[in-house]
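S.K.: Give me coordinates for this.
(2 chains)
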Number of protein chains: 2
Amino acid sequence: MDIILHPIGWVHSAENGPREDYWGDVVSEIHLASHFSPDTLVGLEEFSHIEVLFHLHGVDESAIVQGSRHPRGNPQWPRCGIFAQRAKARPNRIAATICELLSVEGLTLQIRGLDALNGSPVLDIKPVFAEFLPHQTSLRQPEWSHQMMANYFASGKP
Amino acid sequence: MDIILHPIGWVHSAENGPREDYWGDVVSEIHLASHFSPDTLVGLEEFSHIEVLFHLHGVDESAIVQGSRHPRGNPQWPRCGIFAQRAKARPNRIAATICELLSVEGLTLQIRGLDALNGSPVLDIKPVFAEFLPHQTSLRQPEWSHQMMANYFASGKP
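M.R.: Sure, this is the predicted structure:
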């Protein structure tokens, strides 16, 4: 069963990769495909954050992990299934990241903190509703994931 | 440009739709496609929440909104672009929802609070990392969205 998608836009950024960490103050743009009208974005600027779904186009199909591996190949961290990680080399190669919306002008969005490389095809843009987020006090996650994320969204990229 | 995806699994649920609200205590299952091994889920049970990307297969292609409309057709709420809403009838028809992970057994996940109808093709499963969530105190969203969400994830479905 095939599900066929079309990019709704593309990421424009100075980030041509690779970059593992320090995405926090990366400012980039999404340019909506020219067949859309600015009408599709009306009211979006009332939201402080958006969730961007994008295709991890830089990952070769042959590199997709079908089983488990150590996150970032680090043997200090437990072997985890690919669906127990947010790693790039995943089936369907879709990323979903919440970032800060700085501005909307015509078909261009300026955003901060999106972990997408330049040229990434964008599949969807959704406003972030607090009601769709879990209560942070109810979250449980393993220690390796906190260690891995220590500098992921940190500011001051080297 | 076509991006071709394949379901990694399917939602099994008593919810055959339509349902607009009261998803909070809906318990459902995801059955991973049989070509995956349980190895792909190793370690997932250490997370309390997962984000599920799924295809809104019930939305006919001809129903996709390309511009703006009142959320839920309610004229009390402002006209918003389709990318300023989380409505189903959106380009690429992908939903992304965070829900509670109850159990993992073999290729079956039991979850609570997923707003997907029975039979929805699942495109990705990601563990929820607190570090990927915005600080809730920094979120800004318009009043209509709070009103619309009042009972969306409420318990006690009628």
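S.K.: can you map out the helices along chain A?
M.R.: A:143-149 (DSSP state H).
S.K.: Which parts of it are strands?
M.R.: For chain A, the strands defined by DSSP state E occupy A:3-5, A:9-12, A:27-32, A:49-55, A:68-69, A:80-81, A:94-105, A:108-112, A:121-127.
S.K.: May I see those organised as a markdown table, with mean neighbour count added?
M.R.: Just so you know, the C-beta spots here come from the backbone N, C-alpha and C atoms, and that holds for glycine as well. Converted to a markdown table, the strands of chain A look like this (neighbours: other C-beta atoms under 10 Å in any protein chain shown):
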| stretch | mean neighbour count |
| --- | --- |
| strand A:3-5 | 16 |
| strand A:9-12 | 21 |
| strand A:27-32 | 20 |
| strand A:49-55 | 23 |
| strand A:68-69 | 20 |
| strand A:80-81 | 24 |
| strand A:94-105 | 19 |
| strand A:108-112 | 19 |
| strand A:121-127 | 24 |
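S.K.: Determine which of those approaches B:I30 most closely.
M.R.: Of all the strands of chain A, strand A:80-81 sits nearest to B:I30, with 13.5 Å by C-beta to C-beta.
S.K.: Give me the contact list for the closest one.
M.R.: Strand A:80-81 has contacts (C-beta atoms under 8 Å, 6 or more residues apart in numbering or on different chains) with A:67-71, A:144, B:38-44.
S.K.: and which of the residues you listed is nearest to B:Q76?
M.R.: Using C-beta to C-beta, the contacts of strand A:80-81 come closest to B:Q76 at B:L44, 41.3 Å.
S.K.: Based on its surroundings, how many neighbours for that closest one?
M.R.: Residues near B:L44, counting by other C-beta atoms under 10 Å in any protein chain shown, number 21.
S.K.: and the gap between it and A:R86?
M.R.: 12 Å (C-beta to C-beta, to the nearest Å).
S.K.: what residues do the two have in common as contacts?
M.R.: B:P127.
S.K.: Could you pull up the residues touching the residue most central in space within chain A?
M.R.: Nearest residue to the geometric centre of chain A (C-alpha atoms, centre = their mean): A:T97, 3.4 Å. A:T97 makes contact with A:E51, A:V52, A:F54, A:G113, A:L114, A:D115, A:A116, B:F132, according to C-beta under 8 Å, 6+ apart.
S.K.: Could you do A:L32 as well?
M.R.: Contact partners of A:L32, counting by C-beta under 8 Å, 6+ apart, are A:I8, A:G9, A:T40, A:L41, A:L107, A:T108, A:L109.
S.K.: For it, report the pLDDT, please.
M.R.: Looking at A:L32, its pLDDT is 98.
S.K.: is it in a bridge, and if so with what?
M.R.: A:G9 (DSSP bridges).
S.K.: mind checking how far it is from A:D39?
M.R.: 11 Å.
S.K.: before we move on, what about A:L102?
M.R.: In terms of C-beta to C-beta, A:L102 sits 21 Å off from A:D39.
S.K.: do the same with A:Q147
M.R.: 44 Å.
S.K.: what do you get for A:I64?
M.R.: Counting by C-beta to C-beta, the gap from A:I64 to A:D39 is 37 Å.
S.K.: A:V65 - nearest residue in space that isn't next to it in sequence?
M.R.: A:I82 (4.4 Å; C-beta to C-beta, 6 or more residues apart in numbering or on different chains).
S.K.: again, but for A:A14
M.R.: A:N118 is the one closest to A:A14 (C-beta to C-beta, 6+ apart), at 7.0 Å.
S.K.: who's in contact with the one you found?
M.R.: Applying C-beta under 8 Å, 6+ apart, we find A:N118 in contact with A:V11, A:H12, A:S13, A:A14, A:E15, A:N16, A:G17, A:S28.
S.K.: switch to 7 Å and redo it
M.R.: Residues in contact with A:N118 (C-beta atoms under 7 Å, 6 or more residues apart in numbering or on different chains) are A:V11, A:H12, A:S13, A:E15, A:N16.
S.K.: cool, A:P75 as well?
M.R.: So A:P75 contacts nothing (C-beta under 7 Å, 6+ apart).
S.K.: wait, doesn't A:W144 sit right on A:P71?
M.R.: Yes - contact criterion C-beta atoms under 7 Å: A:W144 and A:P71 qualify, at 6.3 Å.
S.K.: list residues touching both of the two?
M.R.: Contacts common to A:W144 and A:P71, judged by C-beta under 7 Å, 6+ apart, are A:W77.
S.K.: Could you measure from the residue nearest to the centre of chain A over to A:G113?
M.R.: When A:T97 is compared with A:G113 (using C-beta to C-beta), they lie 8 Å apart.
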